[in-house]
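Engineer: Could you look at this predicted model? Sequence included:
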Amino acid sequence: MSLPFVVSPEEQEFLGRTAELSIAGTLAGKTSLRVPVPSEALGNGILSEPLGSFVTLRRHNDLRGCIGSVIGREPLYQNVWRMAHAAAFEDPRFPPVTPGEWPDISLEISVLGPLSPCPDPAAIEIGRHGLLLARGPRSGLFLPQVPVEQGWDLTAYLENLCRKAGLPPRSWQADDAALYWYEAVVFPVIRAGE
């Protein structure tokens, strides 16, 4: 399993500016902003592919919002625009980001590769594989960087995934559970003025 795409530094910069503009424009009250369209120089490559993405916001290293879509149903650049706005203003765990907080917010973008059934949980590599667990109406997802940030080993990763899905421990082993894995390109957004 490996990613079938790369995100070039220029594409990362474009996606970062797109995410930043989505949030900053809303904070400035600009309701008629349009999603920036990639220039011809960036071509019709990865930015036009229907890929899922997550945008993570942190304030002083504390989580401040994280929203994403596992499967892209629109071009990646449009998906990042929507996920950035949702992470800043629609994450139910946090109040909307305020203009006063904005200078202290850092952003990280995760571009997700395709989901596929995990053939063997022992093959999961911490820091490389993101996971999605589904059982009945419940599901939970972790980005590949989460177990690294939390210092989890494989067992803790799987058990915390069960908790996130609202399932009992070891639910990932149940016959009616579906465990999927994926990889992602993860990069920080270099904010204007940094």
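Structural biologist: The structure has been received and is ready for your questions. Residues are numbered from 1 along each chain as shown.
Engineer: May I ask you to name the longest helix in this protein?
Structural biologist: helix 9-27 (DSSP state H).
Engineer: mind checking how far that one is from the chain centre?
Structural biologist: Remark: helix 9-27 is offset 14 Å from the chain centroid, using C-alpha atoms, centre = their mean, to the nearest Å.
Engineer: Show me what counts as buried in that helix.
Structural biologist: Going by neighbour count (16 or more other C-beta atoms under 10 Å), the buried part of helix 9-27 is 11-12, 14-27. (Each C-beta comes from the backbone N, C-alpha and C, glycine too.)
Engineer: Closest to residue 146 out of those residues?
Structural biologist: Ranked by distance to residue 146 (C-beta to C-beta), the buried residues of helix 9-27 are led by residue 19 at 19.3 Å.
Engineer: tell me the contacts of that closest one?
Structural biologist: By C-beta atoms under 8 Å, 6 or more residues apart in numbering, the contact list for residue 19 reads 55, 80-81, 83-84, 107, 109, 189.
Engineer: who does residue 57 bridge with?
Structural biologist: Counting by DSSP bridges, residue 57 forms beta bridges with residue 65, residue 107.
Engineer: gap between the most far-flung residue of the chain relative to its centre and residue 135?
Structural biologist: In the chain, residue 175 marks the outermost C-alpha relative to the chain mean, sitting 28.2 Å out by C-alpha atoms, centre = their mean. Counting by C-beta to C-beta, to the nearest Å, the separation of residue 175 from residue 135 is 10 Å.
Engineer: Specify the local secondary structure of the residue nearest the centre of the chain.
Structural biologist: What sits nearest the mean C-alpha location of the chain, by C-alpha atoms, centre = their mean, is residue 54, with 1.9 Å. Secondary structure, DSSP: H, G, I helix; E, B strand; the rest coil: residue 54 is strand.
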